[in-house]
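>>> Test case, fold it:
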Amino acid sequence: IGPGVRLPDFLGVGTQKGGTTYLHGLLQQHPQVFLAHPKELHYFTKKFQCGVDWYGQQFSMAFPNQCCGEITPYYMYHPLVPQRIASVIPKVRLVVLLRDPVQRAISQYFHSCRLGFEPLDFEEALASETARLDDVQAVMHRGEDHFSHQQHSYVSRSCYDEQLPRWFDLFSADQLLVLRSEDLFVAPQIIWDRVLEFLQLDDYPLPSSVQTYVGGGEAKTISAEICASLYQRLMPTYQWIEKNYGMSWREFSDY
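I've put the predicted structure just below:
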């Protein structure tokens, strides 16, 4: 690392479609926070070969007393990222937002559709996911990006029980703040206060002009039967999260 290179004090690591854009918008308003631009730098996923000095340049405009951070929701799911982060910034603080696994999967599907990345209907996409992700390990260990791993990983990216242990193997519990996305949407003041305390920032009024967008309402077009089937597939995740974090999404769903 070159002299004077500034690296982030915290990262928002996910999950995708879990409110990271809303959190980014809130933190941008805090005078003690410097966020790299644009959101989703993807250094630890797609740009790791650029090197630490390049990464540090993304925070070079921060004032000395500011808390630096960046938010890239793909970090949580990418299998190589926790080790990469631990090797570069082992003392970093990590913010994790977890959304209802079924709703997160559905929201990702429609997000990929809007981007033109998904030609299949929802049931076909779910049925194709395993085959689409079959060569992920080989591709990633060649140092290449895997398109479907990022864009077609609807069910597997909702398996938080497979992702979070990778982080706790490398970082202490007090370095991770695990939050429920729905609480950010429903009770933002409470979550805002928790984030400020975790990042050791001064109290600051909850910004009121930040968009809370998480989708276009398309999830309502997915039948109750499909949602219930998806819930059964993701049951191990629901059980693991409730056992380890006391989190449940029962009041937000009727699966």
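>>> Alpha carbons of the longest helix belonging to the chain, as PDB, please.
Longest helix of the chain, by residue count under DSSP state H: helix 101-114. Extracted C-alpha coordinates of helix 101-114, given in PDB (Å, rounded to 0.1, in the frame of the first residue of the first chain):
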ATOM      1  CA  PRO A 101     -35.400 -14.500   1.300                       C
ATOM      2  CA  VAL A 102     -38.500 -15.200  -0.900                       C
ATOM      3  CA  GLN A 103     -39.200 -11.600  -1.600                       C
ATOM      4  CA  ARG A 104     -35.500 -10.900  -2.200                       C
ATOM      5  CA  ALA A 105     -35.300 -13.700  -4.800                       C
ATOM      6  CA  ILE A 106     -38.400 -12.500  -6.600                       C
ATOM      7  CA  SER A 107     -37.200  -8.900  -6.600                       C
ATOM      8  CA  GLN A 108     -33.800  -9.900  -8.100                       C
ATOM      9  CA  TYR A 109     -35.600 -11.800 -10.900                       C
ATOM     10  CA  PHE A 110     -37.600  -8.700 -11.900                       C
ATOM     11  CA  HIS A 111     -34.500  -6.600 -11.500                       C
ATOM     12  CA  SER A 112     -32.700  -8.800 -14.100                       C
ATOM     13  CA  CYS A 113     -35.700  -8.700 -16.300                       C
ATOM     14  CA  ARG A 114     -35.700  -4.900 -16.300                       C
END
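>>> contacts for that helix?
15-18, 99, 118, 122, 125, 151-155, 157-160, 181, 214-216, 218-219, 222, 227, 230-231, 234, 237-238, 249, 252-253, 255 (CB atoms under 8 Å, 6 or more residues apart in numbering). Where C-beta positions appear, they are placed from N, C-alpha and C, glycine not excepted.
>>> again, only this time at 6 Å
Outside helix 101-114, the residues that touch it by CB atoms under 6 Å, 6 or more residues apart in numbering are 16-17, 118, 122, 125, 151, 154-155, 158, 215, 218-219, 222, 227, 230-231, 234, 237.
>>> Quick check on residue 14: phi, psi?
phi 140, psi -170 (degrees, to the nearest 10).
>>> Can you report how many residues neighbour it?
Residues near residue 14, counting by other CB atoms under 10 Å, number 27.
>>> where do the helices sit along the stretch 101-250 of the chain?
For the stretch 101-250 of the chain, the helices defined by DSSP state H, counting those that start in this stretch cover 101-114, 122-132, 136-141, 147-151, 160-168, 181-186, 188-198, 224-233, 235-245.
>>> buried sites along the fifth one?
Neighbour counts over helix 160-168 (16 or more other CB atoms under 10 Å) mark 160, 161, 163, 164, 166, 167 as buried.
>>> check contacts around the third one.
Which is residue 163. 76, 77 are the contacts of residue 163 under CB under 6 Å, 6+ apart.
>>> Quickly check the buried residues of helix 160-168 for the two that are furthest apart.
Using CB to CB, those span at most 12.1 Å, a distance reached by 161 and 167.
>>> list the buried ones in the longest helix of the chain?
So helix 101-114, judged by 16+ other CB under 10 Å, has buried residues 101-113.
>>> quick one: which two of the residues you listed are the most distant?
Distance extremes for the buried residues of helix 101-114: the farthest pair is 101 and 113 at 19.2 Å, using CB to CB.
>>> quick one: what helix or strand has residue 96 in it?
For residue 96, the host element (DSSP states H and E) is strand 93-98.
>>> Just give me how far stretch 125-134 sits from the chain centre.
Remark: stretch 125-134 is offset 21 Å from the chain centroid, using CA atoms, centre = their mean, to the nearest Å.
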